[in-house]
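Peer 1: can you look at this prediction? I've put the sequence above it.
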Amino acid sequence: MPLPSFEAVMNDADGRRQGAGVAVVGAHDPTVLEALAEAAMRGWTRPILFGPAAEIEAIARGCRLSLGDMEIIDSPTDQMGPAAVSAVRSGHASLLMKGRTGTPALMKAVLDREHGLRTDSRAVCQVVLMEIPRDDRRFLMADTGVTIRPNREKRVAITRHALEVARALGLRDSRLALMAASETVNVAMPETIAASVIVDQARAGEFAPAVVEGPMTFDLAYSPRAVARKHLEDHVQGCSDIMIFPDLLSANLTVKAIMYTADCRFGGVLMGLSTPVVFMSRADDVKTRIHSLALALAILHDKGPTTT
C-alpha cells in the first residue's frame, strides 16, 4: 500500500471537517491568508491570526478575502511567535502554522524551555510529503529543515517521527531508506556507517513493522529502473516510502532541487513537538500551504480529538 496522494489527504480533511484552531505566526501575507480562507471554508480550521492587525486587514481587502470568523491578535513581529505558541499551550489552538516569519524567530519561541512546545523527543525535525504525479510516487523526506548534523540518537528520533507521519497517513509497514552517496559501507563516509548501525537496530525489531535498509543512494531509493540496471533487489530499493537523510545539507538540497525543477506537490510539518507545526518556506505558494495544513490535520487526527 503506497502513501496517499495530496488529493486523498485533502478529501479526508474534507470528510472530517475538524475545525481545529490554528495559531498562525505572521498572518500578514497574501498566500497565508488565501490558504487559511480556503481551509476555513472547507471546515478544516478555525484560524487565529497573529501579526500586525492593520496590515492583515489591508492585505485581505487587497486580495478580496473575507476574514469571516477568523480571530486577529494584533501582535508586533517580535511577539508573534511567543503569543501564538501560548495559544497552543493554553488549548485555544490545536496547531501552529508558520507564516511570514523567519525560522530562527519561530524556533526560538517553539523551543523555549519554559514556554515552548518541547516534549521529551530527542530531535525536532521537518518531515515533507513529496508527490511526483508523473511517476505516481509519494514519499516522505526527513529532516529537511532543522537538525544540521544529527548524531545517531537524533537520527533514530527523526526516523521515528517520519514513521509516525506515515502511520498517520495509513501506512504501517513503511519501506524506509537511510540515504547516502553510496550503497556500500565506507569508513571514509561516516554516514554510511551510521546507516548500517540503524539497519542493525531495525533488524533487531526496533522499528517493526517497518522495513529499514541503507545506506542507499537516491536513485536506488526512488527508481525501480535504477535498481534493475544495477542488478540489485531488496524490499526497499526502488519503492521507498521514507527517505532519511544524513544531514540538513543533503536533505535540503534534495528537496529544493525537486521542488524547483520537477512537476511535484509537497507539504511539510515539524515533528517532535507537542503538536504538529505547519512549517514551510515563506516563498511557498497557496497550494503548498494547503497541502501542509492537510498533512498536519491528518497527524493531529491520528493523535486524538482536537481542541476547539
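Peer 2: Looks like it came in fine. Residues are numbered from 1 along each chain as shown.
Peer 1: when you work out contacts or count neighbours from here on, use the C-alpha atoms and nothing else.
Peer 2: Noted.
Peer 1: so which residues of the stretch 201-308 of the chain form helices?
Peer 2: 218-222, 224-229, 248-261, 286-303 (DSSP state H, counting those that start in this stretch).
Peer 1: worst average pLDDT in these?
Peer 2: Mean pLDDT values for the helices of the stretch 201-308 of the chain show the minimum at helix 224-229, a mean of 77.
Peer 1: strands of the chain, residue ranges please.
Peer 2: Using DSSP state E, the strands of the chain run over 20-25, 45-51, 71-74, 95-98, 125-132, 137-142, 175-179, 211-216, 242-244, 265-271, 277-278.
Peer 1: how about the nearest residue to residue 3, chain neighbours excluded?
Peer 2: residue 138 (5.9 Å; Cα to Cα, 6 or more residues apart in numbering).
Peer 1: remind me which residues of this structure are low pLDDT?
Peer 2: 230-235, 304-308 (pLDDT under 70).
Peer 1: of the strands of the chain, which is nearest residue 35?
Peer 2: strand 45-51 (10.4 Å; Cα to Cα).
Peer 1: ok, that closest one: who's next to it in the sheet?
Peer 2: Strand pairing for strand 45-51, using DSSP bridges, gives strand 20-25 (parallel), strand 71-74 (parallel).
Peer 1: how about a markdown table for those strands, with distance to residue 277 and mean neighbour count added?
Peer 2: Formatted as a markdown table, the strands paired with strand 45-51 follow (distance: least, Cα to Cα, whole Å; neighbours: other Cα atoms under 10 Å):
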| stretch | distance to residue 277 | mean neighbour count |
| --- | --- | --- |
| strand 20-25 | 9 | 28 |
| strand 71-74 | 19 | 17 |
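Peer 1: distance to residue 123 for those - can I get that in CSV?
Peer 2: Output for the strands paired with strand 45-51, formatted as CSV (distance: least, Cα to Cα, whole Å):
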stretch, distance to residue 123
strand 20-25, 22
strand 71-74, 30
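Peer 1: where do the helices sit along the stretch 51-200 of the chain?
Peer 2: 53-62, 80-89, 103-110, 152-168, 190-203.
Peer 1: looking at the ones you listed, which is buried most?
Peer 2: Most buried of the helices of the stretch 51-200 of the chain by mean neighbour count (mean count of other Cα atoms under 10 Å) is helix 80-89; its value is a mean of 23.
Peer 1: show me the contact partners of that one.
Peer 2: Here helix 80-89 makes contact (Cα atoms under 8 Å, 6 or more residues apart in numbering) with 23-26, 50-51, 75, 93-96, 105-106, 109-110, 115-117.
Peer 1: coming back round to it: is it true that the residue nearest to residue 3 touches residue 130?
Peer 2: Yes. With contact defined as Cα atoms under 8 Å, residue 138 and residue 130 form a contacting pair (5.6 Å).
Peer 1: roughly how far does residue 31 sit from residue 265?
Peer 2: Distance from residue 31 to residue 265, counting by Cα to Cα, to the nearest Å: 16 Å.
Peer 1: neighbour count winner among those two?
Peer 2: residue 31 (23 against 18; other Cα atoms under 10 Å).
Peer 1: give me the nearest residue to that one, chain neighbours excluded.
Peer 2: Residue 31's closest residue in space is residue 286 (Cα to Cα, 6+ apart), at 5.0 Å.
Peer 1: the one you found: how many residues sit nearby?
Peer 2: 17.
Peer 1: OK, contacts around it?
Peer 2: Counting by Cα under 8 Å, 6+ apart, residue 286 has contacts 31-32, 34-35.
Peer 1: before we move on, what about residue 143?
Peer 2: Contact partners of residue 143, counting by Cα under 8 Å, 6+ apart, are 125-127, 158, 244-245, 247-248, 251.
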